[in-house]
Structure formats: structure tokens, C-alpha cells
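Colleague: Only the shape, not the letters, is given here:
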Ligand SMILES: Cc1cc2nc3c(=O)[nH]c(=O)nc-3n(C[C@H](O)[C@H](O)[C@H](O)COP(=O)(O)O)c2cc1C
């Protein structure tokens, strides 16, 4: 079985293959009523297109999405209708004959050998089949849609070529990456530093001229993400992004923030000091790459993805014949990218968009639940206010009765005092007082007895004072 689904909240499922008639994607979880700018989607897909320069494959395809469901064309533009969003891409510029020589002779480091072992002869591996870089086209479609939705809430995702071979571009400012530092144009090699860009393009073109390929890396920034996104332990921000990212063929590594460099640093160098910026908690540096404990901390998420050199090269390579179990050599025909990295830039952005969208839906659900809980708690407070008011009412009635009874008791005590005076007896009777205190303490019970006794002591004293005063 091939696993071609990703995500829960925003689920994507891809099907088709490089040289099949079509490649399809179904997106589930896009809400109804969302406007999708299809021209922007197409512009995004065009950034991934091949056939445009000396350092990409000569295979040229229209890469136009044919939307079969989930989107209605209205006078206001394309609006989602809540149904699964299905897009189909037609493969027209195929040359399967290029791949006949490789039916049983796998390209070193491509998926030809492993897919043959796992899926056998039945799988169509021409053009790389399901393992082709072309399968990132539907990913870019889904990513472009997800990105448009997230951009409306201020979340931006942008990437550039960070390195080709040993030539490095400038890095994003980790605490404030600039989305305008790299023009997002079709056919444009997306690098920040012009001189590095020229050297990288020169090196790729030279490798291509030599029939070889070269690897490199992409740096991506996600800005505008609130703190609190990510579901540790196992659906953390890093694992969710990495899971999606490794669905892009040729990805060999991913690092967040200072990544592997953290392993060379001291805590005092690597820790990101907390500061208050514009009334919010922020960090002064961003070695964490905007993620701590698998949860976004509100700083830009910065990550780098490493791509291996394109496995299909035109130099003679040692390989085997899988059917005959003999060693042989392979010199490829066909059209290939001498370097995957420039075309992979929008793929990395798209993978981030799909992963982050999934986590954002969970985050929103939690925020919504927290708001409901808060409302309930406030309702609970109002309930408590009602209770207090009702109990106070009961106390008021008890007090009305109690004050009248105390007053009555004082009158009775006064009458006794008068009788004592008449009889020439002593008014104070400590024995009788002790008897009263014992009695009321028993009536009040074990817990409250002592307290009631004290109240009665005071009552007896006040009664005496009343008798003296009047
Ligand atoms: C945008 C893109 C374009 C690619 N183009 C090619 C190509 O032209 N030739 C090739 O051999 N591999 C190409 N690949 C890489 C292979 O698909 C990949 O190396 C292969 O499926 C084996 O998978 P793995 O490298 O992840 O192990 C491309 C990958 C991407 C993302």
C-alpha cells in the first residue's frame, strides 16, 4: 500500500504519477465561503515549473489545475463550497521511452530499486512514477490554497535557496525575516545575495554541463504565527512540519533555528533571552527557530531543508540488472533537473503551509474551547453571585428572627432581674450562667458549640449592660 494521505484537520490525498495521464489532489477540511485567488495559485505553481532555464529539466508542462469540486466560480471570484477540493493536472509532455532502459536497471540513489522490491513489476515507474519530483505539483496547489487562507490572518511563509554545493546565500534575519528580500517570480532563482546568486547559478550550470548534478538547501520562514501552536509530544510543530517535508522527494534533512549548530554551542550562547517587545513576550535571539517544546513561541519559525543532488545524472554509473542479478552500467537518457533546489523552494513553502494549517485548526479549536470555558466560568461566577445573594437573604431572615429573640431574651432576663431585686436575691448567678452556656453549646453541636458559647458569653454580658443602663 502506498501512503498518499497527510493530515487530519486539513487532509490531502495525492494520486497519479509522473507519466500517468493525470495527477490529482483532494483536499478535505477547507471551510466553505473562502475566496481563492486562482491567478495567485497559478503564479505560485509557476515558480515550481521546469523547462525554464539551464538548471532545470527540459520537460515543460502547463501545470494548470483543473478544479473538479470544492470551488464555485461566482461574480466575486472563486469561492470554496465546503466540498472536498479536487484539482487535476494533465501530464502532456511525457517521454516514457526514456525510461525503458531502466525497467530492471535501477538508477543509483533514485527510488527505482526500492520501489521494485516493494511494489514489483506492476508499478509504472516511468518518469519516476509516484516518486517523481512532479508529485510536488499537487502539494504546491494545496500549499498555495492553505497559504492564501493563512495570509488573511497575517501568517506568511517564504523561502529562498540557502546553499548550492558549498556556496551559501545570506540567511534570513532570524528575529525579523524580510519577505521582500527574495522576489517571488516565475523562473527567478530565489536568493537574497546577488553575488551568491550568480555564483550558485554558475556552479549549477557548470555541473549540468558536466552531466552531473548538485545538492543544496532551502531556508524557510513562517511569520505571524501566534504563540501556542503545536501539539506535543508527537504532533509537535517540528514533527508535523518534518513529516510533511519528507514527503518531498530528495529531502535528506531538516533543522529548526540554529539546528545542528546548537550542538556546538554553550547554553549561554544558544539560549534565547526573553524580552518584552511591543507589549508582548519575545526573544532577543532566535536559535530555537520560534519553537520550544514543540510549540510556537510567537517568534518567526525558521527552518532549513537539505536536498541531495538529483540522482539522475548523465555520467556513466555502476548499477545492476535486478532480473538477471548481474552488475552493469547505466548512462541515462531523459530530462532531469541538474539541481532540485531552485524548484524545491515553493515546495518547501507549500509543505510548511499544509503542516502549519493542520496545527492552526487544532490551535483555533483550543482557543475556542478556552473561550467557551471562560464564558462558562464567568457564568459560574454569576451563579455564585446569585447564590451569595440568596444566602444573604436567608441570613437576613435569620437575623430578623434572632434579633427579635435576643431582644425577647433580654426582656425575660430583665424580668428575672426585677423579680430577684424584689425577692432581695443576688442578680448575678454564675452557676446559672454556666448552665446556659453548657446548654447552648450542646444545642449548637460539636463543631460550632465553642463559638456559640462565646457569642452567648457576649450576649449575657450585653444583657447585663442593658439591665444596668435601663
Ligand atoms: C522539484 C523536484 C524535482 C526533481 N527532479 C528530479 C529529476 O529531474 N530527476 C531525478 O532523478 N530526481 C528528481 N527529483 C528527486 C527524486 O524524485 C528523488 O530523489 C527520488 O524520488 C528518490 O527519493 P529520495 O531522494 O527521497 O530517496 C526531484 C525532486 C523534486 C522535489
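Modeller: Looks like it arrived, so ask away. Please read all numbers here as calculations on a predicted model, not as lab measurements.
Colleague: Who is residue 69 paired with across the strands?
Modeller: Going by DSSP bridges, residue 69 is paired in beta bridges with residue 86.
Colleague: Could you double-check that it sits in contact with residue 83?
Modeller: Yes: using CB atoms under 8 Å, residue 69 makes contact with residue 83 at a distance of 5.0 Å. Placement of C-beta: from N, CA and C, glycine included.
Colleague: what residues are up against the spatially closest residue to residue 5 that is not a sequence neighbour?
Modeller: Setting aside the residues directly before and after it, residue 5 is nearest to residue 13 in space (CB to CB, 6 or more residues apart in numbering), at 4.6 Å. Taking CB atoms under 8 Å, 6 or more residues apart in numbering, we find residue 13 in contact with 4, 5, 25, 26, 28.
Colleague: Comparing residue 69 and residue 83, which shows the higher neighbour count?
Modeller: Taking neighbours as other CB atoms under 10 Å, residue 69 and residue 83 compare with residue 83 leading, 15 against 12.
Colleague: give me the element that one is part of.
Modeller: Taking DSSP states H and E as the definition, one finds residue 83 inside no helix or strand.
Colleague: pLDDT wise, what is residue 216 at?
Modeller: We have a pLDDT of 98 for residue 216.
Colleague: now swap in residue 382 and tell me
Modeller: pLDDT, read off for residue 382, is 69.
Colleague: do residue 55 as well
Modeller: 76.
Colleague: Kindly report the same for residue 244.
Modeller: pLDDT at residue 244 comes out at 98.
Colleague: Which residues does stretch 315-323 contact?
Modeller: Contacts of stretch 315-323 (CB under 8 Å, 6+ apart): 104-108, 113, 116, 210-212, 326-331.
Colleague: cutoff 7 Å now
Modeller: With contact meaning CB atoms under 7 Å, 6 or more residues apart in numbering, stretch 315-323 is reached by 104-106, 108, 113, 116, 211-212, 326-331.
Colleague: For this protein, what lies in contact range of the ligand?
Modeller: Proximity of the chain to the ligand is confined to 57, 110-111, 128, 131-133, 136, 248-250, 308, 310-312, 336-337, 340, 343-344, 347 under the rule CB under 6 Å from any ligand atom.
Colleague: buried stuff in stretch 440-453?
Modeller: 440, 441, 444, 449, 452, 453 (16 or more other CB atoms under 10 Å).
Colleague: ugh, wrong one, stretch 207-215
Modeller: For stretch 207-215, burial by neighbour count (16+ other CB under 10 Å) applies to 207, 208, 213, 214, 215.
Colleague: nearest residue to the fourth one other than its sequence neighbours?
Modeller: Think residue 214. residue 207 (4.5 Å).
Colleague: tell me what whichever helix or strand that neighbour is part of is packed against?
Modeller: Take DSSP H and E as the rule and residue 207 turns out to sit in helix 194-209. Helices and strands touching helix 194-209, by 3 or more CB pairs under 7 Å, 6 or more residues apart in numbering; DSSP states H and E, are strand 156-164, strand 167-168.
Colleague: can the ones you listed go into JSON lines with extra columns for distance to residue 228?
Modeller: Shown next, in JSON lines, are the helices and strands packed on helix 194-209 (distance: least, CB to CB, whole Å):
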{"stretch": "strand 156-164", "distance to residue 228": "18"}
{"stretch": "strand 167-168", "distance to residue 228": "33"}
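Colleague: Give me whichever of these is most buried.
Modeller: Ranked by mean neighbour count, those are led by strand 156-164 with a mean of 24 (mean count of other CB atoms under 10 Å).
Colleague: okay, now residue 64: neighbour count?
Modeller: By the criterion of other CB under 10 Å, residue 64 has 14 neighbours.
Colleague: re the thing from before, reformat the helices and strands packed on helix 194-209 as a markdown table; add mean pLDDT.
Modeller: Formatted as a markdown table, these follow (pLDDT from 0 to 100):
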| stretch | mean pLDDT |
| --- | --- |
| strand 156-164 | 98 |
| strand 167-168 | 98 |
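Colleague: Quick one: closest of these to residue 376.
Modeller: strand 156-164 (35.2 Å; CB to CB).
Colleague: hey, where'd the helices end up in the stretch 301-450 of the chain?
Modeller: 341-423, 430-469 (DSSP state H, counting those that start in this stretch).
Colleague: quick one: residue 183 is in a helix?
Modeller: No: with DSSP: H, G, I helix; E, B strand; the rest coil as the criterion, residue 183 is assigned coil and is not in a helix.
Colleague: Identify the residues contacting the closest residue to the ligand within the stretch 1-150 of the chain.
Modeller: Proximity of the stretch 1-150 of the chain to the ligand (CB to the nearest ligand atom) peaks at residue 133, 2.3 Å away. Residues counted as contacts of residue 133 (CB under 7 Å, 6+ apart) are 249, 337, 340.
Colleague: how near is the first one to residue 1?
Modeller: Residue 249 sits 19 Å away from residue 1, taking CB to CB, to the nearest Å as the criterion.
Colleague: which of the two has more neighbours?
Modeller: residue 249 (22 against 5).
Colleague: and that one, which of the three is it?
Modeller: coil.
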